[in-house]
Every structure is written in structure tokens, then in C-alpha cells.
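J.: from the sequence below, what's the structure:
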Amino acid sequence: MILATIYSSRLASRCIRILVLQPGPDTDPIQIGLQEVSIDDSPTFEALSYVWGDPSQRREVDCSGQPVSITENLNDALRHFRRPDRALLIWADALCINQDDMDERAEQVKLMREIYSRADKVVVWLGLDDEGRAPRAISLIETIHQACDDHALAKNIELLSMAHFTPATEALEGLAGVSIENIFAVGVRLGKPDPEPEDWEALSWLLSRPWFTRVWCVQEIVLACSSRVYVGSVSLNWVKLGVTAAWLREHHLANDYDVSPEIEGMPFDNAHAMFDTSDIRESTFLEILIAFRDHHATNLRDKVYGLLGLMRPENLELFPSVDYRKSVAEVYADVVITAVRDSASLASLCYVQHGVEYNRIDIPSWVPRWDVSGDISTILDSRSLTAWKEGDKHGLPGLKDFTASLDGKLSVPGVRFDTIGWISRTLDVQDFRERSTGTAVSPHPMIDLWNLASSNKSYPGSQFEDSLMSVLMMALTLTAGVTDGYERVDQLESSDDREQFHADYLTYTQNLLEVSGLESPTFEPLNIALSDGNASRFRIAASRACDQRRVIKTAEGFYGLAPACAREGDVVVMLYGGPVPFVLREIDDGWWLLGDCFIDPLMPETADDKIRARFGEEEVFVLV
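T.: Next comes the predicted model:
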């Protein structure tokens with residue numbers, strides 16, 4: 001523990017402590033002091049971005065004559081940045097904040113945005129490099145960056161614009177247009193040997209440093225006006241590292257993760273998320289939380305508090321004060337309640353993800369677990385929220401009578417639509433690998449769903465006594481009504497485009513059936529388009545929508561996508577203010593919110609009196 005005696009008093013309003021790192025040679029003990037300054041006086045200092053590290057591995061330093069215990073990683077950082085001939089003014093949270101004073105911690109969290117944005121420079125410490133891998137990694141990063149810069153110059157596009165331009169990947173106009181061979185060629189031009197497996201392994205090692213997983217580090221690097229990354233005895237520019245992460249991501253997306261062995265499994269996601277923040281100023285706090293859901297914090301409250309510095313100031317005023325005395329459940333619930341009241345929408349409930357089994361423990365079912373990593377896309381991700389706001393919603397009202405109680409209950413009015421009558425097994429992205437065909441013992445799940453759809457001659461609302469409507473609705477359901485290019489099927493410009501979407505589904509199914517030695521689909525009028533079907537397009541779209549979800553058939557016969565924890569007998573409802581349908585489960589004292597749901601006739605801009613007639617009477621659902 002840091003001795004409380006090094007803090008003479010609690011910091012005054014808008015004041016911070018700055019660490020004075022005394023000069024000395026590498027072998028000398030570390031000596032520091034602390035000075036209090038007002039952030040409004042524009043003090044000169046650098047800010048350290050690092051991870052605390054193993055709390056059991058500690059070193060002792062001298063703070064104005066008092067012995068202070070700090071983590072080994074902080075000790076390594078201070079030793080690295082210490083200057084031989086003059087003092088360094090630096091801000092490091094573990095020492096500059098009295099960690100034992102919850103009120104002071106709360107006040108300092110509010111100043112994090114200003115601390116890191118006003119610092120002369122943010123120095124990122126990734127840790128020591130005992131095995132000497134960092135020089136290899138940095139050399140490769142510089143080569144990749146140069147290749148990307150050359151590509152951007154040839155396309156007459158500014159490099160950073162290209163690095164943030166994901167839609168360009170489809171035409172290989174973005175960074176995906178930089179091949180491994182291009183990187184080799186640039187290396188030759190720079191007088192470097194071809195990258196060896198050890199170089200790619202070193203890059204993977206660097207991107208795996210714990211700093212890339214820490215939630216506090218996100219705002220520290222995003223807010224920096226100037227920054228540099230240090231690892232062992234070497235350093236590099238943050239932008240070069242970020243462009244490398246963007247290049248890795250572009251290659252994986254453009255090639256549907258079927259990439260060359262050199263970069264397969266490369267851990268680029270967190271580094272890219274921290275770099276590609278071009279739209280962070282326009283993002284809601286909910287969107288920020290989702291973007292960095294895979295970053296971690298020792299104190300689970302900091303999954304929220306650690307990102308407050310990225311909120312727009314006007315939105316931050318709406319958020320309850322930072323309070324470390326609140327439970328984790330209360331802090332996470334604050335996010336939902338604030339988002340709902342600010343947006344007049346229940347969109348935040350779409351981010352509830354319970355996994356395959358759900359049994360409530362200590363956090364209400366309607367509160368997203370920001371402390372749990374989640375790669376599952378929401379139905380809302382696949383639809384246009386603007387369209388929901390403008391859509392008819394079948395005549396249902398918007399948000400009203402929304403009530404959150406102190407005991408963790410949320411009361412929301414709405415109507416029942418149907419119950420789940422049948423449910424598939426949980427689908428996984430692995431089910432959509434090109435070589436995934438199932439076995440004789442366990443048929444491919446898409447074949448089972450094809451058999452369900454193609455044998456159904458009475459889909460609700462169909463005017464024909466054949467299975468065509470059922471097959472078409474299954475195709476929409478498996479993709480949540482969205483193409484591989486993120487276009488809504490119901491908004492495709494022509495009937496030919498819509499036929500092409502369904503032909504892609506039939507071709508995908510045909511391929512699976514042929515491998516299994518079963519009969520292929522032939523449906524008029526789609527059999528002509530079948531010859532032009534692209535199985536890969538459908539596979540990509542379906543893998544996004546179905547991952548960690550179950551296909552359902554309601555009691556009345558509608559197909560849908562439901563959360564993995566849904567079961568037969570659960571209820572599909574429309575909650576007032578909800579942008580999508582939800583699945584609920586009734587229990588003794590209320591309802592569990594299991595997650596969002598896709599049922600095509602319930603989606604926006606499809607006002608249908610026949611659907612409206614299926615709604616039950618208005619009732620209040622008490623979510624617990």
C-alpha cells in the first residue's frame with residue numbers, strides 16, 4: 001500500500017498532483033516528490049500511460065524521505081524515463097491520486113480528460129523486453145507503415161483517411177490493397193531482409209502487451225495531443241502502430257478472415273479500436289462502451305468510469321456523479337437509465353448478452369454486463385436506428401412510463417406478440433466456415449433449417465399453398481434482413497437485387513446439400529437467378545447475424561433470431577420505445593430480459609394491420 005503520510009491533505013477542487021522524478025543514473029534508487037498544482041494554471045508535465053501490473057510484485061521508492069511501495073511495472077517505467085541530469089515532471093495515477101481516498105479518486109476521475117489532453121506528451125510504457133523482440137516488431141511496423149503510405153500516395157488519399165476508411169476494402173482501395181508481397185518489396189527498397197516468422201511473432205507479442213487490454217489506457221491515448229510508445233529500450237510513433245493495426249484489420253475483413261499464415265491470429269482488435277477513433281466525438285457513451293467492451297479493469301466500476309473522459313461534456317452532465325461506493329450493478333444500471341432518458345429509446349437494452357445459459361446472480365437481467373467481453377452483434381447493429389425512429393412501429397407509442405426503482409427493477413409498458421414454440425441449437429460463426437458441412441451423426445444446422453423451411457407450406461401471411469414464402473423468410477431471418485454489404489434487403493433498389501439475395505441463399509444451401517448427397521433446391525421464379533447465386537455473400541451475412549443466436553419458430557409460425565439463452569415458452573414482446581423486439585421470460589416477481597430479437601414482420605416501415613391485430617393488450621413488464 002502507498003502510505004497515506006505522503007499525502008498532506010485531500011486535493012482542492014480542480015487541483016492535481018504532479019510527480020517530480022529526481023535525476024540520477026540507472027543504478028541509483030528512485031527518488032520522487034509530489035507537488036500540487038491547479039489544472040487551470042496549465043502546468044508543464046508529461047502523463048504516463050501504463051498498466052499497474054502484478055500487485056504482488058513490488059518495489060520500494062523514496063518519496064520526499066518516505067518509503068513508498070509501488071508495482072514493479074511502474075518502477076520499471078520510472079527508471080526508464082528518469083533523466084540523468086534534470087528532474088522530470090510526470091503524472092502517474094498510482095502515485096498522484098490517493099488511491100485509499102474514494103472521494104479524491106472520484107474527483108480525479110472527472111479530471112482525467114483534461115489531464116491527458118493538456119499533458120505536453122503522453123508516454124506509453126508497454127513494459128520491459130527481456131527477450132529482445134521489440135526491435136524486430138518495430139522494424140516490421142515501420143515497413144508496413146511505409147508500404148501503406150506508398151499505397152495511399154498512389155491512390156492520392158491521405159494515409160490516415162485511408163486507415164479509417166473501412167468501406168474501401170471491398171474494392172481493395174483501402175489498406176487491404178497492401179499485400180504481404182508489397183511489404184516485402186518495401187523492405188527490399190529500405191535495405192531490410194524479408195520478414196521472417198520471428199518478426200511476425202514479435203509483432204504479435206507486441207500487440208499482446210497488457211496495455212492494449214486496459215480500459216484506462218483507451219482515453220489516455222485517445223486524448224493525447226502528442227504521444228510515443230516505449231517498450232524495453234526502443235520506441236515508436238503511435239500512429240505507425242495504429243496504421244499497422246488498421247492494415248491487419250482491413251486484411252482480415254476483406255478476406256473474411258481467410259488470411260495468410262503470417263498474420264493469422266494476430267491480436268489487432270484492441271489496438272485498432274484505440275487507434276480508429278475518428279468518430280469518437282460524435283459517438284454516444286453507449287457506443288463508446290460497446291467499442292471498448294473487450295478492454296478490462298481491475299475495479300469493475302472502471303469499465304464505465306474509465307471511459308467517461310471520452311464523453312461529450314454536455315452528455316457527461318447527464319451522467320450521475322462518479323461514486324466508488326456504489327455497487328457494480330448500480331454503476332452499470334446508471335448507464336442504461338442515463339442512455340434511455342437521453343435518447344428516449346430502449347436501445348441500450350439491446351446490448352444485454354447473457355450467453356447460452358442465464359441465471360441471475362447479482363446484476364439485473366436488463367443491465368448489460370460491461371465487464372464481460374462480447375463479440376455478438378446486436379440486431380440493432382444490423383438495422384438503421386433512424387429508420388426505427390421514423391418507422392410506423394405498427395402504431396405503438398414511443399417511450400412512456402419508464403420507471404427504474406432503487407431495488408433494481410425496471411418497469412416498461414409494451415405488448416406481447418407471440419411465444420417461442422420451437423428453437424434451434426445455438427449457432428456459431430464456425431458453422432459458416434466454407435468447409436463446415438456437418439456429419440452423418442450431426443447434420444449441418446443450415447440443412448436442418450432448410451428442411452424446416454422447405455417443408456412448410458403455410459407460413460403466416462402467405463397467400464400461396466407452397467413453401468416459397470417460408471424459404472424467403474428463412475433467408476431474411478438468417479441474415480437479420482441485411483446483406484453482406486450491410487444493406488437492408490427491404491431497401492435494395494431493384495427486385496433483381498432482392499432476387500439475387502435469395503439466389504445467394506439457395507446457392508449456399510445447394511452447396512451444402514450437394515456435399516451431403518441430398519436434393520438441391522429449385523424454386524420458381526428464383527431458379528433462373530440460382531445460376532448466378534453467390535454462396536459466399538450469404539455465408540458472410542448469415543455468420544454475422546447468427547453467431548451465438550438461435551433460430552426460433554413462434555407458436556403462430558413466424559421465424560426469428562433469438563438470444564442463445566432463449567428457450568421454448570419464452571415470450572416475444574414489443575416494449576414501448578424499444579427499437580427491436582425483445583425476448584422475455586416470466587418468473588415469480590417479474591420478467592427476465594433475455595435479449596433482442598429479429599422477426600421480420602416486426603421490423604420498422606412494415607405497418608401491417610394483420611400484424612397489429614396479433615398484439616396483446618398493453619401491460620407493464622417489470623424487468624428484474
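J.: find the residue at the geometric middle of the protein.
T.: Ala291 (3.7 Å; C-alpha atoms, centre = their mean).
J.: residues contacting that residue?
T.: Contacts for Ala291 were tallied using C-beta atoms under 8 Å, 6 or more residues apart in numbering; they are 273, 283. Every C-beta, even on glycine, is put in place using the N, C-alpha and C of the backbone.
J.: and for Gly533?
T.: Listed by C-beta under 8 Å, 6+ apart, the contact partners of Gly533 are 500, 503-508, 510.
J.: contacting residues for Val61?
T.: Contacts of Val61 by C-beta under 8 Å, 6+ apart are 29-32, 67-68, 70, 75, 78.
J.: over to it: give its phi and psi.
T.: phi -120, psi 170 (degrees, to the nearest 10).
J.: what stretches of this protein score poorly on pLDDT?
T.: Across the chain, the ranges flagged by pLDDT under 70 are 1-4, 165-173, 256-258, 375-376, 381-393, 434-442, 520-531, 604-607.
J.: quick revisit: pull out the buried residues from the contacts of Val61.
T.: Buried by 16 or more other C-beta atoms under 10 Å: 30-32, 68, 70, 75, 78, out of the contacts of Val61.
J.: out of these, which sit inside strands?
T.: Judged by DSSP state E, the buried ones among the contacts of Val61 include 31-32, 68, 70 as members of strands.
J.: looking at the residues you listed, which is nearest Leu584?
T.: In terms of C-beta to C-beta, no member of those lies closer to Leu584 than Ile70, at 49.2 Å.
J.: near Leu74, how many other residues are there?
T.: Residues within reach of Leu74, counting by other C-beta atoms under 10 Å, total 23.
J.: name all residues that make contact with it.
T.: Leu74 touches 50, 52-53, 92, 94-95, counting by C-beta under 8 Å, 6+ apart.
J.: kindly recompute the last result at 10 Å.
T.: Going by C-beta atoms under 10 Å, 6 or more residues apart in numbering, Leu74 touches 30, 48, 50-53, 58-59, 61, 92-95, 125.
J.: on that earlier part again, most neighbours among the contacts of Gly533, please name it.
T.: Scoring those on neighbours with other C-beta under 10 Å, the highest-scoring entry is Tyr505 at 29 neighbours.
J.: what sits against that one?
T.: 446, 450, 453, 471-472, 474-476, 478-479, 521, 526, 530, 533, 535, 537-539, 541-542.
J.: out of these, list just those in helices.
T.: Using DSSP state H, the members of those that fall in helices are 446, 450, 453, 471-472, 474-476, 478, 530, 535, 537-539, 541-542.
J.: and the residues you listed, which two are furthest apart?
T.: Farthest pair in the ones in helices among the contacts of Tyr505 (C-beta to C-beta) is Ala453 and Arg537. Separation: 18.9 Å.
J.: more neighbours: which of the two?
T.: Shown here are Ala453 and Arg537; by other C-beta under 10 Å, Ala453 has more neighbours (26 against 20).
J.: which residue packs closest to the more buried one, ignoring adjacent ones?
T.: What sits nearest to Ala453 in space, not counting adjacent residues and going by C-beta to C-beta, 6 or more residues apart in numbering, is Met474, at 3.8 Å.
J.: for Gly265, same thing?
T.: The shortest distance from Gly265 to any non-neighbouring residue, by C-beta to C-beta, 6+ apart, is to Ser204 (7.5 Å).
J.: who's sitting farthest from the centroid in this protein?
T.: Largest centroid distance in the chain under C-alpha atoms, centre = their mean is Gly65 at 45.5 Å.
J.: burial measure for the residue nearest to Gly265, as a count.
T.: 18.
J.: got it, and Ile611?
T.: Quick note: Ile611 (other C-beta under 10 Å) scores 18 neighbours.
J.: going by neighbour count, which of the ones in helices among the contacts of Tyr505 comes out on top?
T.: Of the ones in helices among the contacts of Tyr505, with other C-beta under 10 Å as the count, Ala541 tops at 28 neighbours.
J.: separation between it and Val482?
T.: Note on Ala541: its distance to Val482, by C-beta to C-beta, to the nearest Å, is 6 Å.
J.: swap in Arg549?
T.: To Val482, Arg549 is 14 Å away according to C-beta to C-beta.
J.: now Val415: phi and psi?
T.: phi -140, psi 150.
J.: okay, domains of the chain per the record?
T.: 4-125, 134-275, 345-422+564-623, 429-547 (automatic domain parsing).
J.: make a markdown table from those and add distance to Ser283 to it.
T.: Formatted as a markdown table, the domains of the chain follow (distance: least, C-beta to C-beta, whole Å):
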| stretch | distance to Ser283 |
| --- | --- |
| domain 4-125 | 15 |
| domain 134-275 | 11 |
| domain 345-422+564-623 | 13 |
| domain 429-547 | 18 |
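J.: and the ones you listed: which comes nearest Tyr305?
T.: domain 4-125 (5.3 Å).
J.: helices or strands up against the host helix or strand of Val218?
T.: Following DSSP states H and E, one finds Val218 within helix 215-222. Contacts defined by 3 or more C-beta pairs under 10 Å, 6 or more residues apart in numbering; DSSP states H and E place helix 215-222 against strand 46-49, helix 102-118, strand 121-125, strand 227-231, helix 269-275, helix 285-291, helix 302-305.
J.: can you do 8 Å?
T.: On a contact count with 3 or more C-beta pairs under 8 Å, 6 or more residues apart in numbering; DSSP states H and E, helix 215-222 meets strand 46-49, helix 102-118, strand 121-125, helix 269-275, helix 302-305.
J.: just the ones you listed: most buried one?
T.: Among these, strand 46-49 has the highest mean neighbour count (mean count of other C-beta atoms under 10 Å), at a mean of 24.
J.: Ile183 should be in a helix, yeah?
T.: Yes. Assessed by DSSP: H, G, I helix; E, B strand; the rest coil, Ile183 belongs to a helix.
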